[in-house]
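Undergrad: Got a predicted structure here, sequence first:
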Amino acid sequence: MKCPICNSGKIVSQKESFTTPYKASNGDDLVVPNVLVQSCKDCEETWIEAAESKRVGKWIAKERFTPLSREEIKRLRESLPVGTKTELAELLCLNEKAFVKWEKGYNEPNKANDLLLRLIARSRDNFDFVKSLHKKNFKFDASDYFWLQVNEEESDISSADYLSYSYSSVEGTFLSVDSRVQVDSVYDDYSVESSESDFKQPKAA
Ligand SMILES: [Zn+2]
């Protein structure tokens with residue numbers, strides 16, 4: 001096969017390791033082994049074929065993601081104000097056996113479910129919001145997303161300011177208990193009824 005760049009050179013394939021810009025979980029550079037690299041003897045162009053590039057992309061994505069362990073899942077679940085594993089699975093629209101399987105180590109949550117677990121276990125607001133979606137049959141209600149409601153004409157802050165302002169407010173509301181009171185006074189129509197203390201303390205290991 002001739003080189004697609006210079007149209008004359010012979011293509012040589014060889015396997016090389018490729019250092020990504022990411023870190024492995026031990027802090028070392030994340031290096032992909034055995035990446036199939038094509039190069040041309042004449043023009044010295046090098047490239048990776050599309051299929052190989054896709055494989056490498058998947059490998060990197062998988063290596064960068066460390067799912068919650070079975071013990072961590074169990075601790076998160078037990079901290080939530082839900083009775084059974086099945087009830088929680090239903091609340092999260094998962095297979096009813098999901099927690100049984102995860103906690104026994106038969107399989108592990110995919111990235112989306114792992115993220116969902118981290119989010120609902122992070123604050124009572126997040127947890128209650130998921131519950132409220134069930135209550136209204138997942139009807140989309142813009143008032144749940146108060147930062148969508150800005151009226152640009154009445155606002156004297158720019159869109160860019162608003163974006164960063166609303167983003168930090170969202171962080172304040174959902175992720176930081178300490179700033180909650182302050183955030184609520186900014187958004188009078190957004191009331192938070194529950195508190196962090198509704199979460200059960202994890203059992204001592
Ligand atoms: Zn070439």
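TA: On my side now, so go ahead.
Undergrad: Going by C-alpha atoms from here, please, whenever you check contacts or count neighbours.
TA: Fine.
Undergrad: What is the burial count for Lys54?
TA: Neighbourhood size, Lys54 [other CA atoms under 10 Å]: 12.
Undergrad: Am I right that it falls within a helix?
TA: Yes: residue state for Lys54 (DSSP: H, G, I helix; E, B strand; the rest coil) corresponds to a helix.
Undergrad: ok, how many other residues are close to Ser143?
TA: 11.
Undergrad: Ok, the one 3 residues further on next?
TA: Summarising burial for Phe146: neighbours were counted as other CA under 10 Å, giving 14.
Undergrad: Run through the strands of the protein in chain order.
TA: Per DSSP state E, the chain carries strands over the ranges 11-23, 29-40, 46-47.
Undergrad: and of those strands, who's closest to the ion?
TA: Across these, the ion has its closest neighbour in strand 29-40 (4.5 Å, CA to the ion).
Undergrad: before we move on, back to that, return the most buried member of the strands of the chain.
TA: strand 29-40 (a mean of 16; mean count of other CA atoms under 10 Å).
Undergrad: Report the contact partners of Phe18.
TA: Val31, Val32, Pro33, Asn34, Val35 (CA atoms under 8 Å, 6 or more residues apart in numbering).
Undergrad: Leu80 reaches Ser123, doesn't it?
TA: No: using CA atoms under 8 Å as the test, Leu80 is too far from Ser123 to be in contact (9.6 Å).
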